[in-house]
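**Student:** The following block contains a protein sequence and its predicted model.
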Amino acid sequence: MVVDDEKEIADLIEVYLQNENYTVFKYYTAEDALCCIETQELDLAILDIMLPGMDGFALCQRIREKYFYPVIMLTAKDAEVDKINGLTLGADDYVTKPFKPLELMARVKAQLRRYKRFSHSESSPPPAPKLKYENLELDTASYECRLNGEVVALTPTEFSILRVLLENLGMVVSVEDLFKTIWKDEYYSKNSSTITVHIRHIREKLNDTGEKPFYIKTVWGVGYKI
């Protein structure tokens with residue numbers, strides 16, 4: 001699904017996506033997109049932030065109330081606060097206008113690869129081991145996260161980050177290594193706030209937001225570890 005009130009940009013994105021054989025649902029307002037969210041089985045959403053009426057942030061929030069497919073935010077601003085707001089509301093990535101269409105397509109493909117693994121829309125992989133620390137358990141076969149036996153709803157990006165940290169239990173994983181492992185994109189290494197916001201989101205979902213988090217620990221100037 002593509003939502004952008006700039007018709008030329010929405011049409012351009014549609015053409016590039018269709019050239020990759022994706023089915024595209026295109027809208028110029030968030031209000032028109034709401035019906036699509038409820039009636040269509042979507043794999044990814046590209047949302048402009050500056051929309052008339054309901055903005056992209058609010059639309060992202062509505063999506064995250066029920067769905068966990070990837071969301072890429074488009075912003076005409078290069079302001080850090082917009083990017084952080086989008087990530088905090090559950091977006092997986094952001095692209096600043098003006099952007100190169102091929103770069104956006106690369107981001108779309110990367111998000112869809114991870115989402116397909118996460119949602120088992122590809123052929124089922126062989127049983128994988130469960131990753132566990134204390135009362136936190138990550139089942140990499142069923143792609144479920146549980147804390148004290150209760151399911152924790154994670155986005156594909158959050159699941160991937162937690163998986164990398166648990167696979168390296170006890171060891172510090174640098175921000176750069178997290179970027180390369182999860183996004184495989186050097187672009188991210190220039191901005192560590194993306195990881196920071198996702199880590200904060202995971203901590204909130206684990207009810208682990210105190211001054212001394214129990215599960216994900218920050219190693220200042222280096223990265224994170226469990």
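**Tutor:** Arrived safely.
**Student:** how's this protein carved up into domains?
**Tutor:** 2-119, 130-225 (automatic domain parsing).
**Student:** Return the distance of the last one from the chain's centre.
**Tutor:** This points to domain 130-225. From the chain centre to the centre of domain 130-225 is a distance of 13 Å (Cα atoms, centre = their mean, to the nearest Å).
**Student:** okay, how far is it across that domain, tip to tip?
**Tutor:** Distance across domain 130-225, first residue to last, is 18 Å (Cα to Cα, to the nearest Å).
**Student:** same check, this time on stretch 97-106
**Tutor:** End-to-end for stretch 97-106, by Cα to Cα: 16 Å.
**Student:** what does stretch 76-96 give?
**Tutor:** For stretch 76-96, the end-to-end distance is 6 Å (Cα to Cα).
**Student:** Can you give me the separation between the most centrally placed residue in the chain and Ala110?
**Tutor:** Centroid check for the chain by Cα atoms, centre = their mean gives Asp92 as the closest residue, at 2.1 Å. Distance, Asp92 to Ala110, using Cβ to Cβ, to the nearest Å: 10 Å. Quick note: C-beta positions are derived from backbone N, CA and C, even for glycine.
**Student:** Nearest residue to Leu17 in space, please, no chain neighbours.
**Tutor:** Spatially, and ignoring its direct neighbours in sequence, Leu17 is nearest to Val24 (4.9 Å; Cβ to Cβ, 6 or more residues apart in numbering).
**Student:** which residues sit in contact with that neighbour?
**Tutor:** Contacts for Val24 were tallied using Cβ atoms under 8 Å, 6 or more residues apart in numbering; they are Met1, Val2, Ile13, Glu14, Leu17, Gln18.
**Student:** Any idea how many residues pack against the last one?
**Tutor:** Applying other Cβ atoms under 10 Å, we find 12 other residues in the vicinity of Gln18.
**Student:** what packs against the host helix or strand of it?
**Tutor:** Per DSSP states H and E, Gln18 falls inside helix 7-19. Applying 3 or more Cβ pairs under 8 Å, 6 or more residues apart in numbering; DSSP states H and E, we find helix 7-19 packed against strand 2-3, strand 26-27, helix 101-119.
**Student:** Would you mind listing the buried residues in the helix or strand containing Leu131?
**Tutor:** Per DSSP H and E, Leu131 falls inside strand 130-133. Within strand 130-133, the residues scored as buried using 16 or more other Cβ atoms under 10 Å are Leu131.
**Student:** Adjacent strands (with direction) for it?
**Tutor:** Using DSSP bridges, the strands paired with strand 130-133 in its sheet are strand 136-139 (antiparallel).
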